[in-house]
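**Student:** My questions are about this predicted structure, shown below with the sequence.
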Amino acid sequence: MKGTASNYGQLIGFILARFWCDSRPPVELSDEELTSLTPLLIKTGAGALGWWQIRDSVPSSHPSASELHQSYRFHTIQAAVRLDRIKRLFRHLRTADLDALLVKGWAVARLYPQPGLRPYIDLDLVLRPEDFPVWKELQAHLSDGDYLIDPHRGFDKLDDLSTDELYGRSKLVNVDDVQIRVLCDEDHLRVICLHMLRHGALRPLWLCDIAALLASRSEDFDWDRCLGKNRRRSDWIACSIGLAHQLLGVDVTGTPVERRARNLPKWLVPAILKQWEAPYPPWRYHEPMEIYLRKPMGLFRGLKNRWPNPIEATSSVNGPFNEWPRLPFQIGNCILRATKFIVDLSKTPAQ
Amino acid sequence: MSRKNKYLALPHAREEGLVVEELPDELLVYDLERHKAHCLNTTAALVWKHCDGVTPTPDIALILRDELNTPVDEEVVWFSLEKLSRAHLLREPIQRPGGNAGLSRRELIRKAGIAAAVAVPLVTTILAPTAFASLSCGQFSCLPNRPPAETCPTGSGCQCVSGPSGPCTASGT
């Protein structure tokens, strides 16, 4: 593929494709394309990876290359600082006899050619529910500014499997004198695929995470374990891998998802590309829904601003990734959210 | 030489409160106390690495000459030290003996004639990329009376870390 497409979403995929490969063809982009893409890459946290990809093909004096390079430096040193903090955190956890597990963020950044290429801010720390009281005590003694921790009480919000099962299959990664527990590759791939779909595949880096995990998987990767027994979920995961195949060039040859990866629903790739072109549209979440109770005329504008993308809508209503139109799923998603809003509102004491 | 000048001629790199990351052509340093990141080019990085508190500046110039395989004027070392000192990367602030004002980059190139062989020592502050820093999360405020997971707009990729009405930040999941 050559950088001639007019579609910015496609160009983002083109720049980030095969980032895990040692040798890849140089990325050829026009000045205009690179200039337009740079803020998009930086905004979505993919600036460092963007620079990694163009570093041998664009002169370092190019203003966009220089901006991406600065992004690379920034995230590289941040990654070193964060790893330092993670090690400190896990030493604290070990002292408190807590066996916690890291998901996403660093756990996947370590699989990139360099950890700074995959920036993260918070730490998704999963604890067994019974360990949560001890964790709360420990957390009270940790400096908030040092650790942005998103603690999870078990895996309820991340996966269908039980916490015990996921812990039982997890593994320890040695980082200097510290051991950090992470999910096994099969479970991790499933969790990040489902996470990406749940959030409407907002960020290109989430697809890159899937690619990084697939590219680094071992020969004995257990596909049955990864895909699970739920046929719909299994198809979602296959579609996520299909996106990584079609947009980033992940090799799926000989895998159980090969056929599905090559035959995605027609709406899926355009939906993700459209999302990448407008990450976090600035108008989307401006006003809390409560405002529309006082200004009902704004409801239609609010609805338009909150209209879910087809990926997010489908996964939120547990829908299939098939060729059917996505409108019913999008309406379903709005009804679900509106119902939740009304239920929450009814629980809020009147002021 | 006074005691003060003797000390000033033996620069000592700061070690505490720093995280250092070495790249092929530069050195990245994060100051945990000031929350600032710096990028040192090869010349500045070499000078900094040899600031061990016992090596005087003329000797550092000689070490640089050996490592860069080209003559290096002591002015290059002083120029680096001033930059490093300004970035708080030395244990003590450094001043030239006799209180001479530092050279500008242009003057250094003219005086030491380093343009061709040795890169001008550079210590630059690394700022968060503008577009990343203004990532749309900053436009949201944490909503009050909501469970922690819902205080920032769902699906926005943002999270609340500063309490009700504080700004949302990107949840780099």
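**Tutor:** Structure's in. What do you need? Numbering: from 1, shown residues only, chains lettered A, B, ... in the order given.

**Student:** Can you show me the strands along chain B?
**Tutor:** B:18-22, B:26-31, B:36-41, B:123-126, B:158-160, B:168-170 (DSSP state E).

**Student:** Look up phi and psi at the closest residue to A:Trp223 other than its chain neighbours.
**Tutor:** Nearest residue to A:Trp223, sequence neighbours excluded (C-beta to C-beta, 6 or more residues apart in numbering or on different chains): A:Pro256, at 4.8 Å. Using the backbone N, CA and C atoms, a C-beta is placed for each residue, glycine as well. Per-residue torsions, A:Pro256: phi -70, psi -10 (degrees, to the nearest 10).

**Student:** And A:Pro256, how close does it get to A:Arg294?
**Tutor:** 53 Å (C-beta to C-beta, to the nearest Å).

**Student:** residue ranges with poor pLDDT in chain B?
**Tutor:** Within chain B, the ranges that satisfy pLDDT under 70 run B:1-8, B:98-102, B:111-118, B:130-173.

**Student:** now do the stretch 251-351 of chain A
**Tutor:** In the predicted model of the stretch 251-351 of chain A, residues A:279-293, A:349-351 satisfy pLDDT under 70.

**Student:** How are the strands of it distributed by residue range?
**Tutor:** In the stretch 251-351 of chain A, no segments count as strands under DSSP state E, counting those that start in this stretch.

**Student:** Show me how chain A divides into domains.
**Tutor:** A:76-276, A:289-347 (automatic domain parsing).

**Student:** Quick one: those as JSON lines, columns for mean neighbour count and distance to B:Val54 too.
**Tutor:** Output for the domains of chain A, formatted as JSON lines (neighbours: other C-beta atoms under 10 Å in any protein chain shown; distance: least, C-beta to C-beta, whole Å):
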{"stretch": "domain A:76-276", "mean neighbour count": "19", "distance to B:Val54": "28"}
{"stretch": "domain A:289-347", "mean neighbour count": "15", "distance to B:Val54": "61"}
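
**Student:** quick revisit: now do the contacts for the residue nearest to A:Trp223.
**Tutor:** The neighbours of A:Pro256, taking C-beta atoms under 8 Å, 6 or more residues apart in numbering or on different chains as the test, are A:223, A:227, A:238.

**Student:** Show me which of the residues you listed is closest to A:Gly50.
**Tutor:** Among those, A:Ala238 lies closest to A:Gly50 (C-beta to C-beta), at 27.9 Å.

**Student:** the helices in chain B, which residues?
**Tutor:** Ranges of helices in chain B, per DSSP state H, are B:3-8, B:42-49, B:57-68, B:74-86, B:105-112, B:130-133.

**Student:** The lengthiest helix in chain A vs chain B: in contact?
**Tutor:** Assignment by DSSP H gives helix A:63-95 as the longest helix of chain A. Yes. Shown here: helix A:63-95 in contact with chain B (C-beta under 8 Å from any C-beta of the partner chain) through A:67, A:70-71, A:73-74, A:76-81, A:84.

**Student:** so where's chain A uncertain?
**Tutor:** A:1-6, A:144-146, A:279-293, A:349-351.

**Student:** mind checking how far whichever strand or helix holds A:Phe14 is from the chain centre?
**Tutor:** A:Phe14 is located in helix A:8-16, with elements delineated by DSSP states H and E. Chain-centre distance of helix A:8-16: 17 Å, with C-alpha atoms, centre = their mean, to the nearest Å.

**Student:** That helix near chain B at all?
**Tutor:** No. Judged by C-beta under 8 Å from any C-beta, helix A:8-16 and chain B are separated, with a smallest distance of 13.9 Å.

**Student:** I'd say A:Trp52 and A:Ser71 touch.
**Tutor:** No. Contact between A:Trp52 and A:Ser71 fails when scored by C-beta atoms under 8 Å: they sit 10.2 Å apart.

**Student:** okay, those two: which has more neighbours?
**Tutor:** Per other C-beta atoms under 10 Å in any protein chain shown, whichever of A:Trp52 and A:Ser71 has more neighbours is A:Ser71, with 28 against 21.

**Student:** Domains in chain B, by residue range?
**Tutor:** Split by automatic domain parsing, chain B gives B:3-126, B:134-170.

**Student:** The longest one near chain A at all?
**Tutor:** Yes. Domain B:3-126 is in contact with chain A by C-beta under 8 Å from any C-beta, via B:19-21, B:23, B:26, B:28-30, B:32, B:37, B:39, B:126.

**Student:** Out of these, give me the one that has the most neighbours.
**Tutor:** Counting by other C-beta under 10 Å, top hit in the residues of domain B:3-126 next to chain A: B:Val29 with 26 neighbours.

**Student:** so how far is A:Phe221 from the residue nearest to A:Trp223?
**Tutor:** 11 Å.

**Student:** Could you do A:Lys87 as well?
**Tutor:** 28 Å.
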